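Enquirer: Structure of the sequence below:
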Amino acid sequence: MSGLALGLTAKIFDIDHFNVVFAIFFSTIFLCGAWFPIELLPYWLRVFAYILPTTSVIDLTRACLSGVFHARHIYETIYLVVISFFLVEWAMRSIRKRMVV
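Expert: A predicted model of the protein is given here:
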């Protein structure tokens, strides 16, 4: 999530555009299972919720707190490592471009 935030910060030049980013981010919080179970969502929305990295973070946090781990947590960890690599790389390239300009 920090790589995504840093990359967006490097791409946005006007402070007013941060409102749009925050609105999109905070609206996805309702889909990631933080307050409502994902199983209650329709199937098409459930697929979108599992694409969000926040869903995996929340699921892994709950597993660590409860001590109950499932096989899907391995896939979620791999997914988070891979997407973190790409988001941090994108953020660093965006910061480098912004520093040149």
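Enquirer: List the contacts of residue 73.
Expert: 59-60, 63 (Cβ atoms under 8 Å, 6 or more residues apart in numbering). In short, each C-beta sits where N, CA and C put it, glycine included.
Enquirer: Low-confidence regions, the protein specifically.
Expert: 101 (pLDDT under 70).
Enquirer: Next, the contact list for the residue nearest in space to the middle of the chain, please.
Expert: For the chain, residue 53 is the residue whose C-alpha lies nearest the centre (Cα atoms, centre = their mean; 3.5 Å). Taking Cβ under 8 Å, 6+ apart, we find residue 53 in contact with 1, 4, 79-80, 83-84.
Enquirer: export those to a markdown table and tack on distance to residue 14?
Expert: Converted to a markdown table, the contacts of residue 53 look like this (distance: Cβ to Cβ, whole Å):
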| residue | distance to residue 14 |
| --- | --- |
| 1 | 22 |
| 4 | 19 |
| 79 | 32 |
| 80 | 31 |
| 83 | 27 |
| 84 | 27 |
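Enquirer: Show only the entries of those residues found in helices.
Expert: Using DSSP state H to define helices, the subset of these located there is 4, 79-80, 83-84.
Enquirer: Select from those residues the one having the most neighbours.
Expert: The residue in those with the most neighbours, by other Cβ atoms under 10 Å, is residue 4 (19 neighbours).
Enquirer: which residue sits closest to that one, ignoring its sequence neighbours?
Expert: Of all residues not flanking residue 4 in the chain, residue 87 sits nearest, at 5.0 Å (Cβ to Cβ, 6 or more residues apart in numbering).
Enquirer: buried set for the strand or helix carrying the one you found?
Expert: Element membership of residue 87 [criterion: DSSP states H and E] is helix 72-100. Residues of helix 72-100 classed as buried: 73, 76, 83, 87, 90-91, 94 (neighbour count, 16 or more other Cβ atoms under 10 Å).
Enquirer: what's the farthest-apart pair in the contacts of residue 53?
Expert: Using Cβ to Cβ, the two most remote members of the contacts of residue 53 are 4 and 79, lying 14.1 Å apart.
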